[in-house]
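**Q** Sequence first, predicted model second:
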Amino acid sequence: MRRFLAVSAAVLAGLGLLTTAGSANPESLLPQPAQQAVGGWAGTWATAPAAAVPNTPDGYPGYSIRNVVHTSAGGGRARVHLSNAFGAAPLTFGHVTVAVQGTGPDAVPGTLRSLTFGGAPDVVVPAGAEALSDPVNLRVPADANLLVTTYVPAKSGPVTYHPAAAQTSYFTRNGDFAASESGAPYTEQTSVWHYVSGVDVQGGAEASIVALGDSITDGVGSAAGANHRWPDYLADRLHGRFGVLNAGISANRLLLDVPGSGAGQNALSRFDRDVLGVGGVRTLIVLEGINDIQQDPHQTDPAAITSAYRQLVAQAHARGIRVLGGTLTPFKGWRVYDDTLEATRQAVNSFIRTGGVFDGVVDFDAAVRDPADPLRMLPAYDSGDHLHPGDAGYERMAAAVRLDRL
């Protein structure tokens, strides 16, 4: 099998990352009105394109890829975002469909819809660009799985993907089966998302909440296929009132790229695409910076990190988006931990809590730390590596988000 799937758990753990959520400062008031969903559209699911699949110079000609994605909010119409962000050549999608998932790669009968693009059944996406489908009438349930299937008929160059999906999707190398309700043609599996970057719904959610972060937002350490990332748990608390969009990328940093790692562009570089460019954003929750501290080269000057936060907030405010700052969670016991790195984390968290830059604070640090040793994560919340929470930790993080601040 070609290098289709890819990033091992060991590699993800080695790249190390964080994302956290906590209670907001009661004195922190929101300075501007929230942006409402334009035309009634709001994102129900998203992922951040992270890189090109290694060693795919021809792409996947003749492949149908059935991506499994999980909704946060429902609606009566849907549209799909497709990405060629890390492509090197124009990419032709010959056939794209969306359906409600039945079992595995099977669609619920009667729910499969073929998508068009400006009325055409296919679309050419330039290198570095994205395509948005025309809307289709489809009853999209909240808290359910959809199947977004892409068929690429010809060689297309490197394939844009998101490595740490924590979700099984399906594919076939044998041609165009995008319109098949039956999953029988889909005999192979993948643990990453290819091409698809978002799904919007109309007639349901009021707006969207975006979670910008690294592997902790991405859900590393959570149970695969269970939708137990902290943004998933937050969506459960919101009961479909708002869509919750996950813009986490494992090993992502605020200030530097990590070439060849699948860690995406730095958060400032990708902010336009992964936050400002998605549908109906009302509120942004930022949980980034632990990788700048703990990855090599280590960033030990808190001012560099806090300056990046100021930029993210300024750009979000310019679009009428409120921003909540998430404190960085404990990492004592992680393989590179030392007193210097801890001092940097403490200084950054002090800024998040008291600097007055964010519209509110989610104190993920306070939510998951061990009262008996506050520099460590409570063992019940720890996935075992002392950096990433497990399912219970992610649920606790989501519980720390004050819904009245969203």
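**A** All right, it came through fine. Numbering: from 1, shown residues only.
**Q** From residue 65, how far off is residue 223?
**A** Separation of residue 223 from residue 65 (C-beta to C-beta, to the nearest Å): 23 Å. (Each C-beta comes from the backbone N, C-alpha and C, glycine too.)
**Q** and what of residue 325?
**A** Applying C-beta to C-beta to residue 325 and residue 65 gives a distance of 36 Å.
**Q** Over to residue 119?
**A** Here residue 119 is placed at a distance of 24 Å from residue 65 (C-beta to C-beta).
**Q** Would you map the strands across the stretch 251-400 of the chain?
**A** For the stretch 251-400 of the chain, applying DSSP state E, counting those that start in this stretch gives strands covering 281-287, 322-326, 360-362, 369-370, 373-377.
**Q** could these go into TSV alongside mean pLDDT and distance to residue 392?
**A** As requested, the strands of the stretch 251-400 of the chain are exported to TSV (pLDDT from 0 to 100; distance: least, C-beta to C-beta, whole Å):
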stretch	mean pLDDT	distance to residue 392
strand 281-287	98	18
strand 322-326	98	18
strand 360-362	98	18
strand 369-370	98	13
strand 373-377	98	11
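**Q** Distance to residue 167 for these - can I get that in TSV?
**A** Output for the strands of the stretch 251-400 of the chain, formatted as TSV (distance: least, C-beta to C-beta, whole Å):
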stretch	distance to residue 167
strand 281-287	21
strand 322-326	23
strand 360-362	25
strand 369-370	29
strand 373-377	25
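**Q** Give the burial count for residue 172, as a bare number.
**A** Residues lying near residue 172 (other C-beta atoms under 10 Å) number 22.
**Q** I figured it was touching residue 63, is that so?
**A** Yes: contact criterion C-beta atoms under 8 Å: residue 172 and residue 63 qualify, at 6.9 Å.
**Q** Residue 262 contacts residue 163, doesn't it?
**A** Yes: here residue 262 lies in contact with residue 163, judged by C-beta under 8 Å, at a distance of 4.5 Å.
**Q** Tell me if I'm right that residue 352 and residue 324 touch.
**A** No: using C-beta under 8 Å, residue 352 is not in contact with residue 324, being 9.6 Å away.
**Q** can you give me the helices for the stretch 251-400 of the chain?
**A** Ranges of helices in the stretch 251-400 of the chain, per DSSP state H, counting those that start in this stretch, are 267-271, 290-294, 302-318, 339-354, 364-368, 391-399.
**Q** So which of these is nearest residue 238?
**A** helix 391-399 (9.8 Å; C-beta to C-beta).
**Q** so what does that closest one touch, helix or strand wise?
**A** Applying 3 or more C-beta pairs under 8 Å, 6 or more residues apart in numbering; DSSP states H and E, one finds that helix 391-399 contacts helix 230-238, helix 364-368.
**Q** okay, those helices in CSV with distance to residue 182 and mean pLDDT next?
**A** Formatted as CSV, these follow (distance: least, C-beta to C-beta, whole Å; pLDDT from 0 to 100):
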stretch, distance to residue 182, mean pLDDT
helix 230-238, 28, 98
helix 364-368, 43, 98
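**Q** just to revisit the earlier point, between residue 119 and residue 65, who's got more neighbours?
**A** Applying other C-beta under 10 Å to residue 119 and residue 65 shows that residue 65 carries more neighbours, namely 27 against 6.
**Q** which one is residue 313 nearest to, not counting chain neighbours?
**A** Distances taken as C-beta to C-beta, 6 or more residues apart in numbering put residue 323 closest to residue 313, at 4.8 Å, once the chain neighbours are dropped.
**Q** Does residue 144 touch residue 71 like I think?
**A** Yes: using C-beta under 8 Å, residue 144 makes contact with residue 71 at a distance of 5.4 Å.
**Q** The two: which is more packed in?
**A** Each of residue 144 and residue 71 has its neighbours counted (other C-beta under 10 Å); residue 71 has more, 27 against 15.
**Q** what about residue 189, neighbour count?
**A** Using other C-beta under 10 Å, the number of residues around residue 189 comes to 15.
**Q** Quickly find the element holding it.
**A** Taking DSSP states H and E as the definition, residue 189 sits inside strand 188-190.
**Q** now for that strand, which elements pack on it?
**A** By 3+ C-beta pairs under 8 Å, 6+ apart, strand 188-190 packs against strand 169-172.
**Q** returning to what we had before: who wins for proximity to residue 242 among the helices of the stretch 251-400 of the chain?
**A** helix 391-399 (13.2 Å).
**Q** Give the buried residues for the closest one.
**A** Residues 391, 392, 393, 394, 395, 396, 397, 398 are the ones in helix 391-399 that count as buried (16 or more other C-beta atoms under 10 Å).
**Q** Can you tell me what sits against that helix?
**A** 19-22, 216, 219, 221-223, 226, 228-234, 236-237, 329, 364, 367-368, 377-378, 380-383, 389 (C-beta atoms under 8 Å, 6 or more residues apart in numbering).
**Q** Check stretch 99-109 too.
**A** Stretch 99-109 is contacted by residues 66, 68, 111-113, 138-141, 144-147, 149, 170, 180-183, 186 when judged by C-beta under 8 Å, 6+ apart.
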